[in-house]
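Undergrad: Here is my input, please return the structure:
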Amino acid sequence: MKKLLLYRCLQQKILFISLLSFFFIISSCDPKRVFEQNIPVLTKGWKSTEPVEFDVLINDTIALHNYYINIRHTTDYKYSNIYFFVDTWFPEGSKTCDTIQVVLADATGKWYGKGFGKIKDAKVLIKSGVAFPVKGSYRFSIEQGMREFELKGIEDIGIRIEKM
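TA: Residues are numbered from 1 along each chain as shown. Below you'll find the predicted structure:
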């Protein structure tokens with residue numbers, strides 16, 4: 001009897017570990033993703049002098065890519081949009097600069113981002129059909145471009161690059 005109970009307990013543990021492993025493997029598969037990282041900003045506020053930077057290794061110069069900015073913000077964020085200054089450094093040393101406006105809420109104040117409670121996550125397509133011209137390490141720098149030195153209500157900023 002005792003052996004039977006131990007055997008059933010062992011079976012249940014193996015089943016639990018197998019199911020947990022299966023769900024972990026399934027949820028981590030994202031074949032389109034080339035790069036994704038989100039970086040928290042200061043809880044006191046995101047200063048305009050403190051860019052968030054990402055180093056991305058690109059090996060595929062043939063495929064076209066979509067480029068997203070991920071924004072996690074609270075419902076206490078007092079604007080319906082946000083401006084970013086985005087600098088991109090290419091492996092050979094050249095640089096591009098873009099000013100991007102992202103609309104976070106509609107005219108009635110309804111947030112576009114997903115999430116429950118006070119935290120909203122928005123994944124915003126910035127560029128579609130991007131071809132990286134050379135292999136190597138690219139650096140992306142994102143600064144908040146609002147007229148406030150210390151922007152409150154922004155929790156995390158990130159980028160996502162995926163193959164089309």
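
Undergrad: now residue 162: how far from residue 37?
TA: 13 Å (Cβ to Cβ, to the nearest Å). C-beta: built from backbone N, CA, C; applies to glycine.

Undergrad: now swap in residue 138 and tell me
TA: Distance from residue 138 to residue 37, by Cβ to Cβ: 13 Å.

Undergrad: how distant is the longest strand that the chain contains from the center of its chain?
TA: Counting by DSSP state E, the longest strand found in the chain is strand 119-130. Between the centre of strand 119-130 and the centre of its chain there are 8 Å (Cα atoms, centre = their mean, to the nearest Å).

Undergrad: Tell me which other helices or strands that strand touches.
TA: Packing partners of strand 119-130 (3 or more Cβ pairs under 8 Å, 6 or more residues apart in numbering; DSSP states H and E): strand 65-74, strand 95-103, strand 154-163.

Undergrad: now the angle between strand 154-163 and the next helix or strand after that strand, please.
TA: Next helix or strand after strand 119-130 toward the C-terminus (DSSP states H and E): strand 136-144. Relative orientation of strand 136-144 versus strand 154-163 (axes from the mean of the first three to the mean of the last three Cα atoms, to 10 degrees): 150 degrees.

Undergrad: Leaving out sequence neighbours, find the closest residue to residue 86.
TA: residue 98 (4.6 Å; Cβ to Cβ, 6 or more residues apart in numbering).

Undergrad: Residue 110 versus residue 39, what's the distance?
TA: 27 Å.

Undergrad: domains of this protein?
TA: 1-30, 34-163 (automatic domain parsing).

Undergrad: Now the weakest link among those domains, please, by mean pLDDT.
TA: For these, mean pLDDT drops lowest on domain 1-30, to a mean of 59.

Undergrad: The longest strand of the chain to strand 154-163, inter-axis angle?
TA: 30 degrees.

Undergrad: Pull out the CA atoms of strand 119-130 and give them to me as PDB.
TA: The C-alpha coordinates for strand 119-130 follow below in PDB (Å, rounded to 0.1, in the frame of the first residue of the first chain):
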ATOM      1  CA  ILE A 119      -0.800  49.700 -15.300                       C
ATOM      2  CA  LYS A 120      -1.100  49.800 -19.100                       C
ATOM      3  CA  ASP A 121       1.200  48.200 -21.600                       C
ATOM      4  CA  ALA A 122       1.400  49.500 -25.200                       C
ATOM      5  CA  LYS A 123       3.300  48.000 -28.000                       C
ATOM      6  CA  VAL A 124       3.500  50.600 -30.800                       C
ATOM      7  CA  LEU A 125       4.700  50.000 -34.300                       C
ATOM      8  CA  ILE A 126       7.200  52.700 -35.200                       C
ATOM      9  CA  LYS A 127       8.600  51.400 -38.500                       C
ATOM     10  CA  SER A 128       7.600  48.600 -40.700                       C
ATOM     11  CA  GLY A 129       9.600  46.900 -43.400                       C
ATOM     12  CA  VAL A 130      13.000  47.900 -42.000                       C
END
